[in-house]
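Participant: requesting a structural model of the entry that follows:
(one chain, ligands or ions: 1)
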Amino acid sequence: MTPHNHAKLGDYAPAVLLPGDPLRAKWIAETFFEAPRLVNSVRNCLGYTGTWKGKPVSVQASGMGQPSLAIYVHELINVYGVQSLIRVGTCGGLNAKVKVRDVILAQGASTDSSIVKGRFGAFNFAPIADFGLLRSAADKAEAAGLRFHAGNLLSSDIFYHADGFAGYDKLPEHGVLGVEMEAAVLYTLAARFGVKALTICTMTDCLITHEEISADERQSSLTEMVELALDVAVES
Ligand code: HPA
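Facilitator: Numbering: from 1, shown residues only. The predicted structure follows:
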């Protein structure tokens with residue numbers, strides 16, 4: 001159907017989870033979905049549709065970074081009619097109050113990305129989550145007893161900074177909780193096309209304390225986050 005996605009119209013459910021990693025998309029489909037069906041494998045950027053608790057849901061890998069995610073999300077919305085997009089990922093910590101394994105609900109996403117900044121001229125657009133999805137995720141995270149924070153994430157286009165940590169220090173000073181590479185453009189596209197979006201991240205490595213998640217903790221944390229995201233998705 002598109003150069004990046006061979007799914008047919010109707011192959012995606014109205015709500016889609018978006019991990020970056022294609023193998024995580026496969027794991028989510030095979031671990032959590034009832035009757036998972038592969039709907040896209042172009043470039044091995046895997047997409048699946050199935051059901052969760054009897055309700056239709058999809059997962060589509062976004063790849064790493066905002067340009068890659070923007071392609072998949074643009075097409076999911078405008079070609080496949082997807083209405084709710086929930087990124088599930090990991091992030092680096094920028095605030096000592098966020099511990100590894102904690103879940104961050106990205107209420108807003110600051111960014112250095114020209115994809116977002118280049119669109120608004122003199123204005124600084126504030127990419128924000130859909131309030132209904134955010135409220136639902138916060139309520140469910142609280143009920144499940146998860147340690148979670150709602151606030152601002154940084155969506156950076158750069159993983160390896162030439163100047164190391166330079167520049168990031170101003171962000172924790174303004175309450176930014178963590179850094180990942182996709183949420184801001186997801187929120188910007190959702191706003192542009194009038195659909196809902198949320199980003200949920202597990203903090204896996206703290207840039208302040210250098211604490212890192214263990215392999216075992218990573219798996220159980222991802223399970224909790226995916227179950228939370230699926231519960232939000234099928235009710236959206
Ligand atoms: N930077 C950007 N993205 C990330 C990081 C990070 O340190 N950790 C996990 N995702």
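
Participant: please identify which helix or strand holds the residue of the chain found nearest the ligand.
Facilitator: Proximity to the ligand, evaluated over the chain using CB to the nearest ligand atom, is greatest for residue 92 at 2.6 Å. Using the backbone N, CA and C atoms, a C-beta is placed for each residue, glycine as well. Using DSSP states H and E, residue 92 falls within strand 84-93.

Participant: list the pairing partners of that strand within its sheet, with orientation.
Facilitator: Sheet pairing of strand 84-93 (DSSP bridges) gives strand 15-18 (parallel), strand 178-180 (antiparallel), strand 196-206 (parallel).

Participant: next secondary structure element downstream of the second one?
Facilitator: Put plainly, it is strand 178-180. Moving toward the C-terminus from strand 178-180, the next element (DSSP H and E) is helix 183-193.

Participant: tell me what that following helix is packed against?
Facilitator: Other elements packing on helix 183-193 under the criterion 3 or more CB pairs under 8 Å, 6 or more residues apart in numbering; DSSP states H and E are helix 66-78, strand 84-93, strand 103-111, helix 114-117, strand 148-155, strand 196-206.

Participant: okay, these in CSV with mean neighbour count next?
Facilitator: Formatted as CSV, the helices and strands packed on helix 183-193 follow (neighbours: other CB atoms under 10 Å):
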stretch, mean neighbour count
helix 66-78, 21
strand 84-93, 26
strand 103-111, 24
helix 114-117, 17
strand 148-155, 23
strand 196-206, 25
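
Participant: need these in TSV (columns: mean pLDDT).
Facilitator: TSV is the format used below for the helices and strands packed on helix 183-193 (pLDDT from 0 to 100):
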stretch	mean pLDDT
helix 66-78	98
strand 84-93	97
strand 103-111	98
helix 114-117	93
strand 148-155	98
strand 196-206	97
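
Participant: make sure residue 181 is actually in contact with residue 67.
Facilitator: No: using CB atoms under 8 Å as the test, residue 181 is too far from residue 67 to be in contact (10.0 Å).

Participant: residue 150 pairs with what?
Facilitator: Residues in beta-bridge contact with residue 150 (DSSP bridges): residue 105.

Participant: measure it to residue 137 for me?
Facilitator: 8 Å (CB to CB, to the nearest Å).

Participant: who touches both of those two?
Facilitator: Common contacts of residue 150 and residue 137 (CB atoms under 8 Å, 6 or more residues apart in numbering): residue 105.

Participant: want to throw the helices and strands packed on helix 183-193 into CSV with distance to residue 35?
Facilitator: Formatted as CSV, these follow (distance: least, CB to CB, whole Å):
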stretch, distance to residue 35
helix 66-78, 21
strand 84-93, 20
strand 103-111, 28
helix 114-117, 36
strand 148-155, 30
strand 196-206, 24
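
Participant: sounds good, over and out.
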